[in-house]
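> Got a sequence here, can you model it:
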Amino acid sequence: MNTAPINTDLRSQNQVPITLASVLLAIILLSSLFSTPRPQAIANQPWRVELLIGIFAIPFCVWVYKKAGGTHISLERSNFRFAIICTFLFVLWSGISAVWAPLPLTALFQTLVWAIYAAIFAAFLKLLRANVGFKAILITFSIAGGILGLVAIVDFASITDFSIAQGIIRVRYAKFAELALTAAPLICIASIYARGRSSSIGTAIIWLLTWLAVMLSLSKGAFVAGIAAHFILFGGSILFSHKAFRRKVLVRATIWLVFTIVVQVAFSAFSTIPSTADYISGKADKTRDTSMFRVYVWQVGTKMAADHWFLGVGSGNFGVAFNGSRAAFAAARPDDRTPEYGQDYMFERAHNEVLQIFAELGIVGIMLFAAVFGSFIFLAVKVFIRKEFKLSPMLWAAIAGVSGFAISSMVSSFSFRAVQNGIVFVMVIAVAVNELTKDGTRSIVSASTANSTQTFFVPSIIAAVLLTVFAAPKAVAEYYLYRAERTVDAEAAAGLFRTALRLDPDNASAYYYFANRSYFDSDNETAAKMLRIGIDKGIGVTVTYSLLAKFQLPSGDATATEQTLAEAVRIFPNSVFMRVRFATFLSDQRKQAEADREMEFARSIDAGQANGWQILIQKGSTAAFYAAKQDANIDPPAELIPENAVYEYIDKPPLN
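Below you'll find the predicted structure:
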């Protein structure tokens with residue numbers, strides 16, 4: 001492809017808008033890092049970053065295509081055209097999956113998330129073609145990475161008891177780990193390209209802060225993926241780039257290695273807070289619970305993908321379809337007596353992006369997804385060979401970031417499902433594509449330019465507008481939930497809950513809290529109805545099934561109660577709690593033979609747990625505590641699993 005001059009005036013004319021847009025985008029990407037008043041009923045479909053990105057993308061895309069519309073890639077002359085077609089078909093297939101998805105609105109919402117990724121990618125590729133895109137990307141990454149690192153330092157410095165703060169810290173930063181590990185290689189190489197010593201040092205410090213955020217996330221997958229990304233960055237740049245860069249790259253590789261080792265050793269040897277290496281080695285997590293959870297969800301996810309191999313269960317519907325596949329997986333292993341994994345945990349994601357896409361969109365979706373990234377890999381290999389095995393350090397940085405993201409996605413529950421990570425990923429992909437195809441950059445003033453611009457502009461604006469329209473009601477619904485949870489009057493609270501559910505009908509958590517409030521207000525019928533809907537929408541765990549049975553029984557509907565408990569046992573066959581809960585109900589209904597069978601099954605899994613649960617449910621926490629003191633074959637209430645279910649049976653203090 002021929003090269004033609006670009007409009008060089010664009011850089012000088014639009015420095016302020018580019019900087020402002022970059023700062024705003026960085027703030028949006030980190031928006032979920034900071035706490036704001038919110039209800040307990042958190043939506044199982046995230047919406048905050050999605051809403052802000054949708055609002056941001058509308059004027060941003062208009063500005064980009066107005067200012068940089070004269071530059072584009074000639075799709076007819078590059079492999080990039082195939083990727084664009086496959087991307088369009090992937091988004092289209094995702095949208096079509098709403099037809100058979102259990103939650104159609106969730107499928108459409110996830111489709112719009114995929115579409116906004118494509119829109120942001122196209123917009124930044126336009127800016128990169130106009131020679132202003134990399135500055136925008138670097139400012140965004142530097143602000144986001146620097147703030148992440150600094151806030152993490154402050155959080156860790158203020159921890160007094162890590163055993164209490166561990167869960168909060170790990171969740172708080174794990175959802176940003178892929179953002180940081182994907183951006184870090186570009187910031188590193190930018191420090192080499194920076195003009196002036198102070199600018200180079202400042203950029204290098206931000207790079208190390210960004211990498212520190214990955215390490216302080218305590219995410220094993222992100223840490224390993226980040227190490228792999230930096231190895232690709234340094235190895236590729238040293239071996240397969242111009243010799244002029246080798247010394248500077250070697251210096252940064254040495255700094256990175258020393259910094260990483262010092263941080264890991266410092267936490268492991270001189271702090272009560274374990275290092276990420278301690279989690280990987282098992283020193284800080286001897287139970288390996290998180291690893292076992294991942295293996296289990298992969299097994300069930302594989303079953304889901306196999307059973308729905310052609311169409312999938314619908315975009316974004318992995319969580320709501322999980323219990324069905326969980327039951328099918330258990331039915332295929334009737335002799336297994338392994339204690340139930342995650343019986344009080346909502347498995348909303350597969351912890352493996354490829355598996356989740358396969359399960360949600362079937363063979364069609366996963367093949368289109370693979371084709372998009374396969375075309376990029378093919379293009380990279382072709383350019384690598386054509387350029388005699390020499391690529392620029394910036395291209396190696398983009399390859400490293402993309403590779404790190406891909407590795408992390410194999411074990412992460414966030415990946416593309418946390419929009420801040422997906423946005424950073426497509427921005428890095430834009431850098432990679434620009435580097436691979438920049439020889440074909442040109443400015444055209446003919447009608448083909450307008451057609452090319454419209455090809456991306458119109459769908460981008462539509463995607464941004466629709467995403468905003470879909471996400472905005474979720475924001476309003478959360479406001480109504482916040483008010484409902486704090487309203488004393490029962491009728492007024494019920495009205496607020498119903499308004500929230502009309503605005504966001506797929507929020508399973510909202511049904512759960514509405515049900516609990518209704519039960520508190522002695523409206524058992526509404527409580528049972530709302531919780532049943534919530535379970536069907538994805539909040540079906542042992543605790544909620546037990547509560548549903550509790551709500552149904554006072555209405556005199558013993559048949560519905562029995563069906564609920566039988567369904568729970570089918571989904572969680574190795575849950576000792578659920579087996580004993582069912583057994584005690586059957587015993588109360590004078591079905592002793594069936595009750596004995598359930599208790600026998602429960603004891604075959606864990607006799608101590610079964611005996612402890614039986615006494616707790618039938619006689620209360622005080623009796624269970626003293627029984628465990630006298631008999632080693634009875635587990636005390638404090639050791640029963642799941643611990644969340646124990647609270648339902650704690651004895652109430654006597655009234656004065």
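> What are the buried residues along the helix or strand where residue 570 lies?
Using DSSP states H and E, residue 570 sits in helix 558-571. Of the residues in helix 558-571, those buried by neighbour count under the rule 16 or more other C-beta atoms under 10 Å are 560, 561, 562, 564, 565, 567, 568, 569, 571. (Glycine included, C-beta is placed from N, CA and C.)
> what's the next secondary structure element after that helix?
From helix 558-571 onward toward the C-terminus, using DSSP H and E, the following helix or strand is helix 576-588.
> Buried by neighbour count: which residues of that next one qualify?
So, applying 16+ other C-beta under 10 Å, buried residues of helix 576-588: 576, 577, 578, 579, 580, 581, 582, 583, 584, 585, 586, 587.
> And for stretch 324-336?
324, 325, 326, 327, 328, 329, 330.
> Out of the residues you listed, flag the one nearest to residue 650.
When the buried residues of stretch 324-336 are ranked by distance to residue 650 (C-beta to C-beta), residue 326 comes first, at 28.6 Å.
> Return the residues in contact with the closest one.
For residue 326, the contacting residues are 300, 347, 571, 572, by C-beta atoms under 8 Å, 6 or more residues apart in numbering.
> re the thing from before, any chance of the buried residues of helix 558-571 in CSV, plus pLDDT and distance to residue 551?
Rendered in CSV, the data for the buried residues of helix 558-571 read as follows (pLDDT from 0 to 100; distance: C-beta to C-beta, whole Å):
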residue, pLDDT, distance to residue 551
560, 93, 10
561, 95, 9
562, 95, 14
564, 96, 9
565, 97, 12
567, 97, 15
568, 97, 14
569, 97, 18
571, 97, 18
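> just those now: which is nearest residue 536?
Compare each of the buried residues of helix 558-571 with residue 536 using C-beta to C-beta and the shortest gap goes to residue 567, at 10.9 Å.
> quick revisit: any chance of the buried residues of helix 576-588 in JSON lines, with pLDDT and distance to residue 641 too?
Listed next are the buried residues of helix 576-588 as JSON lines, based on pLDDT from 0 to 100; distance: C-beta to C-beta, whole Å:
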{"residue": "576", "pLDDT": "97", "distance to residue 641": "7"}
{"residue": "577", "pLDDT": "97", "distance to residue 641": "7"}
{"residue": "578", "pLDDT": "97", "distance to residue 641": "11"}
{"residue": "579", "pLDDT": "97", "distance to residue 641": "12"}
{"residue": "580", "pLDDT": "97", "distance to residue 641": "12"}
{"residue": "581", "pLDDT": "97", "distance to residue 641": "13"}
{"residue": "582", "pLDDT": "97", "distance to residue 641": "16"}
{"residue": "583", "pLDDT": "97", "distance to residue 641": "17"}
{"residue": "584", "pLDDT": "96", "distance to residue 641": "17"}
{"residue": "585", "pLDDT": "96", "distance to residue 641": "20"}
{"residue": "586", "pLDDT": "96", "distance to residue 641": "22"}
{"residue": "587", "pLDDT": "95", "distance to residue 641": "22"}
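> residues in contact with the helix holding residue 570?
Outside of helix 558-571, the residues within contact range by C-beta under 8 Å, 6+ apart are 323, 326-327, 330-331, 528, 540, 542, 545-546, 548-549, 552-553, 575, 578-579, 581-582, 585-586, 589, 598.
> The stretch 351-500 of the chain: strands as residue ranges?
Taking DSSP state E, counting those that start in this stretch as the criterion, the stretch 351-500 of the chain carries its strands at 442-443.
> quick one: low-confidence parts of it?
439-454 (pLDDT under 70).
> now the chain
Of all residues in the chain, those with pLDDT under 70 make up the ranges 1-14, 68-79, 284-288, 439-454, 654-656.
> how about the nearest residue to the spatially most central residue of it, chain neighbours excluded?
Using C-alpha atoms, centre = their mean, the residue of the chain that lies closest to the mean C-alpha position is residue 414, 2.3 Å off. Closest residue to residue 414 apart from its sequence neighbours, by C-beta to C-beta, 6 or more residues apart in numbering: residue 175 at 5.0 Å.
> Return the residues in contact with that neighbour.
Remark: with contacts taken as C-beta under 8 Å, 6+ apart, residue 175 is in contact with 32, 414, 418, 420, 421.
> show me what contacts residue 389?
Contacts of residue 389 were listed using C-beta under 8 Å, 6+ apart, and they are residue 240.
> Okay, it and residue 230: tell me how far apart.
With distances taken as C-beta to C-beta, to the nearest Å, residue 389 is found 21 Å from residue 230.
> Restricting the selection to alpha carbons, write stretch 267-280 to CSV.
What follows is stretch 267-280, C-alpha atoms only, in CSV (Å, rounded to 0.1, in the frame of the first residue of the first chain):
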residue,chain,number,x,y,z
PHE,A,267,5.9,-8.7,51.6
SER,A,268,6.8,-12.3,52.2
ALA,A,269,9.6,-11.8,54.7
PHE,A,270,8.9,-8.5,56.4
SER,A,271,5.1,-8.1,56.4
THR,A,272,2.0,-9.9,57.8
ILE,A,273,0.5,-9.3,54.3
PRO,A,274,1.5,-12.2,52.0
SER,A,275,2.9,-11.6,48.6
THR,A,276,1.4,-12.8,45.3
ALA,A,277,4.2,-15.4,45.2
ASP,A,278,3.0,-16.7,48.5
TYR,A,279,-0.4,-17.3,47.1
ILE,A,280,1.0,-19.1,44.1
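> Identify each buried residue in it, please.
When burial is assessed from 16+ other C-beta under 10 Å, stretch 267-280 yields the following buried residues: 267, 268, 273, 274, 275, 276, 277, 278, 279, 280.
> Residue 235 - how many residues pack around it?
Counted with other C-beta atoms under 10 Å, the neighbours of residue 235 add up to 14.
> From residue 609, how far out is it?
Shown here: residue 235 relative to residue 609, a distance of 51 Å by C-beta to C-beta.
> Kindly report the same for residue 203.
55 Å.
> Residue 278 too?
Between residue 278 and residue 609 the distance is 30 Å, computed by C-beta to C-beta.
> cool, and residue 358?
35 Å.
> more crowded one of these two?
Residue environment comparison for residue 358 versus residue 609 gives the larger neighbour count to residue 358, 25 against 22, counting by other C-beta under 10 Å.
> picking up where we left off before, which of the contacts of residue 326 are buried? Put it as a PyMOL command.
This is the PyMOL syntax for the buried subset of the contacts of residue 326, where burial follows 16+ other C-beta under 10 Å:
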select buried, resi 300+347+571+572
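> What helices and strands are in contact with the host helix or strand of residue 532?
When elements are assigned from DSSP H and E, residue 532 belongs to helix 524-534. Contacts defined by 3 or more C-beta pairs under 8 Å, 6 or more residues apart in numbering; DSSP states H and E place helix 524-534 against helix 508-520, helix 542-552.
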